[in-house]
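Trainee: any chance you can model this:
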Amino acid sequence: MDSELKAVTIPAGHAVRINTYRIGPYGWLLVGDTRSAGTLLAAVDRVRSVFADAHQGKVDVHWFDLPREAKALVACLRTLTGEGSLLSPAPATDELAALLRIERGLHGTDLSSLVRRHPIYRVSDDAASLEPIMLEQTVDLAALERLFQVTVVGVPWMHARVTEVLDQRMLRHLLHEDASSRLPIAVKLHAGTVRNGTFAALLDELPAHWHARLAIELPYAEWLVAPDAVGEALRIGRLRQCLMVLDHVPLDRAADLPLPKDVLLRLMPALPNGPDGTAAPLRAHDVPTAAALRHALRVLGAERCILTHCDSLAVVHSALEAGVRMLQGQAVADFAEMRAQITPAATSEAKAGTPEDGPAGDDAAAAESETPSSGLSPWGRMLGWLHLTRGGVDAGMERGLLGDGPTRI
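Mentor: Purely as a prediction, here's the structure:
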């Protein structure tokens with residue numbers, strides 16, 4: 001309470017005269033004058049709401065007008081100091097104090113140093129290239145933990161509350177986003193944030209061209225437990241011309257789940273089980289079979305499925321073999337970077353073999369035609385490095401690997 005009162009009063013620029021006293025193991029007595037009433041009320045309500053949201057117990061607040069209600073105050077103090085007056089365990093005050101500190105810090109913090117961009121790639125229709133189609137912006141929670149020296153990911157209620165605060169801050173961050181990039185920007189939001197009136201107000205502050213470029217990712221877990229709330233959030237997002245996405249849909253059950261229509265789906269491969277049968281999130285994801293991927297794409301529609309957590313080349317291999325159109329993950333990003341580095345070199349080699357170069361160019365062209373990779377683009381040769389058979393690559397190129405027609409977002 002002391003730290004929260006200081007945090008509330010310091011920005012006001014004036015001294016607020018409030019005396020605090022500890023009463024028994026669970027009570028506080030706060031005494032202030034008339035001028036401090038508003039500040040005192042704001043601080044107490046803030047702490048009370050945080051305790052409730054954290055499921056750490058209910059904070060009862062009683063107000064007394066002194067000296068008129070002095071007898072009632074004395075009776076309350078006697079209750080607080082009595083033996084066995086409160087039997088509930090002490091709340092996790094350290095974690096609650098940390099949450100209050102994070103909320104205050106995030107309120108005015110520039111998120112630029114904490115924001116990470118993760119591109120989502122689409123495989124071209126001829127399976128010859130990868131092109132970025134969307135940038136997902138997330139906050140690096142590990143960096144946030146280091147900044148505030150607190151554990152967020154390992155405490156479910158803390159994680160939920162912090163991500164709700166980050167929802168608002170991320171939308172504010174978009175107001176200062178560089179608009180030079182024409183790629184859509186995807187942000188993770190809670191359904192409650194979208195349904196809140198603040199969301200509409202923030203969208204109104206964004207330039208009009210931003211609305212169609214904004215992709216909103218709603219958690220599949222919320223759809224599972226509160227489909228009506230998520231459905232309402234989807235409706236609101238569509239009305240504002242935003243692209244709607246359902247995030248963290250389990251791939252192993254996606255084809256059997258009742259999922260909303262006309263939204264993109266971010267499919268997450270399963271995590272391998274540890275020795276004790278529990279998930280090990282720090283390990284690479286299981287490699288989904290091409291058959292399982294093809295089944296999911298056939299049921300859900302390949303044009304709206306994004307395979308996420310492509311953290312190994314084996315996952316990329318399986319996805320390409322199954323005909324996945326959109327992929328995201330470190331292995332895909334590394335793959336695209338490798339291709340970008342090789343393509344200029346291949347272009348310079350082609351220029352060296354132009355007719356102006358004379359016989360040397362003809363010899364180089366003849367030598368190239370004798371190599372096993374003849375007829376394959378640098379992308380095709382890279383697929384070969386991923387242990388794809390040449391026949392599989394050629395066949396994939398002939399049929400487009402992905403079916404007919406471009407993918408539109």
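Trainee: any weak-confidence spans in the stretch 151-300 of the chain?
Mentor: For the stretch 151-300 of the chain, applying pLDDT under 70 flags the ranges 177-181, 273-283.
Trainee: do a quick rundown of the strands in it.
Mentor: In the stretch 151-300 of the chain, strands defined by DSSP state E, counting those that start in this stretch lie at 185-188, 214-219, 243-250, 264-268, listed in chain order.
Trainee: can you redo the ones you listed as TSV with distance to L77 and mean neighbour count?
Mentor: Quick note: C-beta positions are derived from backbone N, CA and C, even for glycine. Formatted as TSV, these follow (distance: least, C-beta to C-beta, whole Å; neighbours: other C-beta atoms under 10 Å):
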stretch	distance to L77	mean neighbour count
strand 185-188	47	22
strand 214-219	45	22
strand 243-250	50	21
strand 264-268	54	23
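Trainee: can you say which of the ones you listed is nearest to D140?
Mentor: strand 185-188 (12.7 Å; C-beta to C-beta).
Trainee: and for that closest one, what are the contacting residues?
Mentor: 120, 134-138, 163, 167, 170-171, 174, 177, 213-217, 219, 243, 245, 247 (C-beta atoms under 8 Å, 6 or more residues apart in numbering).
Trainee: tell me which strands that strand pairs with, and in which orientation.
Mentor: Using DSSP bridges, strand 185-188 pairs in its sheet with strand 130-139 (parallel), strand 214-219 (parallel).
Trainee: ok, and what's touching the shortest one?
Mentor: Just to be clear, that refers to strand 214-219. 134, 136, 174, 184-191, 194, 203, 206, 230, 233-234, 237, 242-248, 264, 266.
Trainee: so H173 sits against V115, correct?
Mentor: Yes - under the criterion of C-beta atoms under 8 Å, H173 makes contact with V115 at 6.6 Å.
Trainee: common neighbours of the two, please.
Mentor: Going by C-beta under 8 Å, 6+ apart, residues that sit against H173 and also against V115 are Q137.
Trainee: hang on, the earlier thing: possible to save the strands paired with strand 185-188 as CSV with distance to L313?
Mentor: Output for these, formatted as CSV (distance: least, C-beta to C-beta, whole Å):
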stretch, distance to L313
strand 130-139, 13
strand 214-219, 25
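Trainee: so which residues of the stretch 151-300 of the chain form helices?
Mentor: Along the stretch 151-300 of the chain, the segments classed as helices by DSSP state H, counting those that start in this stretch run 156-174, 191-195, 197-205, 208-211, 220-225, 227-239, 251-254, 290-300.
Trainee: so which other helices or strands are in contact with the longest one?
Mentor: Helix 156-174 makes packing contacts with helix 37-53, helix 93-108, strand 130-139, helix 141-148, strand 185-188, helix 191-195, helix 197-205 when contacts are defined by 3 or more C-beta pairs under 8 Å, 6 or more residues apart in numbering; DSSP states H and E.
Trainee: hang on, L257 packs against V249?
Mentor: Yes - counting by C-beta under 8 Å, V249 is a contact partner of L257 at 7.2 Å.
Trainee: could you list the low-pLDDT ranges of the stretch 1-150 of the chain?
Mentor: Residue ranges of the stretch 1-150 of the chain with pLDDT under 70: 1-16, 53-57, 83-93, 108, 127.
Trainee: hmm, try it at 90
Mentor: Counting by pLDDT under 90, the low-confidence segments of the stretch 1-150 of the chain come to 1-63, 65-114, 123-130, 141-150.
Trainee: pretty sure R22 is in a helix, no?
Mentor: No - counting by DSSP: H, G, I helix; E, B strand; the rest coil, R22 is not part of a helix but strand.
Trainee: give me the element the nearest residue to it once chain neighbours are set aside is part of.
Mentor: Closest residue to R22 apart from its sequence neighbours, by C-beta to C-beta, 6 or more residues apart in numbering: W28 at 6.3 Å. Take DSSP states H and E as the rule and W28 turns out to sit in strand 27-32.
Trainee: return the set of buried residues in that strand.
Mentor: By 16 or more other C-beta atoms under 10 Å, the buried positions in strand 27-32 come out as G27, W28, L30, G32.
Trainee: relative to H62, how far out is R78?
Mentor: 13 Å (C-beta to C-beta, to the nearest Å).
Trainee: who has more neighbours out of these two?
Mentor: Neighbour tally, R78 and H62, criterion other C-beta atoms under 10 Å: the higher count belongs to R78, 12 against 9.
Trainee: so the more buried one, which of the three states?
Mentor: Under three-state DSSP, R78 comes out as helix.
Trainee: so who does it touch?
Mentor: So R78 contacts nothing (C-beta under 8 Å, 6+ apart).
Trainee: and what of D167?
Mentor: Applying C-beta under 8 Å, 6+ apart, the residues near D167 are K188, L189, H190, T193.
Trainee: can you give me the distance of it to L297?
Mentor: D167 is 31 Å from L297, by C-beta to C-beta.
Trainee: got the contact list for L166?
Mentor: Taking C-beta under 8 Å, 6+ apart as the test, what L166 contacts is L106, V139.
Trainee: output the strands of the stretch 151-300 of the chain in JSON lines; the columns should cover distance to A314.
Mentor: Output for those, formatted as JSON lines (distance: least, C-beta to C-beta, whole Å):
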{"stretch": "strand 185-188", "distance to A314": "25"}
{"stretch": "strand 214-219", "distance to A314": "26"}
{"stretch": "strand 243-250", "distance to A314": "19"}
{"stretch": "strand 264-268", "distance to A314": "16"}
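Trainee: those strands: which one's closest to A97?
Mentor: Closest of the strands of the stretch 151-300 of the chain to A97 is strand 185-188, at 26.3 Å (criterion: C-beta to C-beta).
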